[in-house]
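# output the structure for:
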Amino acid sequence: MGFLPFAVAAWLFVVGLWGVVVSQHLVRTVLCLTVVQSATYLVLLGIGYVRHGKAPVVADISPHSTLVDPVMQVLVLTDIVIEATVAALLLALVVQAHRRFGSVDPAALRTLRH
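Sure, this is the predicted structure:
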């Protein structure tokens, strides 16, 4: 597998970060943050990849088979759950900002007062 998943992960990270920087809409900003976080999936799967490795279900394969790393797969699943939770929380904050300030443009939001 080599270099390709890490290059794609770096590209996803840069594209998502660029979207966060130039976004004029809070929902787009949240979506770009999910793109940034999805780069971690490729990094984790690239680390755990084994050439010609089989799925880590050891009930029906020979004991001398090469298996992929199941820890990385569990970390990716955990990362997906965390991303969904963070995205839901951020989108709820966007809804509250729209209700309170009437806009989802970051530049149009008023500063917080004490």
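# and Val76, how far from Ala107?
Counting by C-beta to C-beta, to the nearest Å, the gap from Val76 to Ala107 is 36 Å. The way it works is simple: take the backbone N, C-alpha and C, and place the C-beta from them, glycine included.
# more neighbours: the two, which one.
Val76 (17 against 6; other C-beta atoms under 10 Å).
# residue contacts, the more buried one?
Neighbouring residues of Val76 by C-beta atoms under 8 Å, 6 or more residues apart in numbering: Tyr41, Leu44, Leu45.
# among those residues, which are in helices?
Of these, the ones assigned to helices by DSSP state H are Tyr41, Leu44, Leu45.
# tally of neighbours for the last one?
Put plainly, it is Leu45. Here the count is done by other C-beta under 10 Å, and Leu45 has 18 residues near it.
# for it, give me its contacts.
Counted by C-beta under 8 Å, 6+ apart, Leu45 has contacts Pro5, Met72, Gln73, Val76.
# what's the most distant pair in those?
Spatial extent of the contacts of Leu45 (C-beta to C-beta) is set by the pair Pro5 and Gln73 at 14.2 Å.
# the two - which one has more neighbours?
Counted by other C-beta under 10 Å, Pro5 and Gln73 do not tie: Pro5 has more neighbours, with 18 against 15.
# in this structure the more buried one contacts Gly46, no?
Yes: with contact defined as C-beta atoms under 8 Å, Pro5 reaches Gly46; the gap is 3.6 Å.
# tell me how many other residues surround the closest residue to Asp69 other than its chain neighbours.
Distance criterion C-beta to C-beta, 6 or more residues apart in numbering; nearest residue to Asp69, sequence neighbours excluded, is Gly48 at 3.7 Å. Neighbours of Gly48 under the rule other C-beta under 10 Å: 18.
# distance of Gly48 from Val74?
Going from Gly48 to Val74 by C-beta to C-beta gives 10 Å.
# buried residues in the lengthiest helix in the chain, which are they?
Longest helix in the chain by number of residues (criterion: DSSP H): helix 70-101. The neighbour-count check on helix 70-101 (16 or more other C-beta atoms under 10 Å) flags Met72, Leu75, Val76, Asp79, Glu83, Leu90, Val94, Ala97 as buried.
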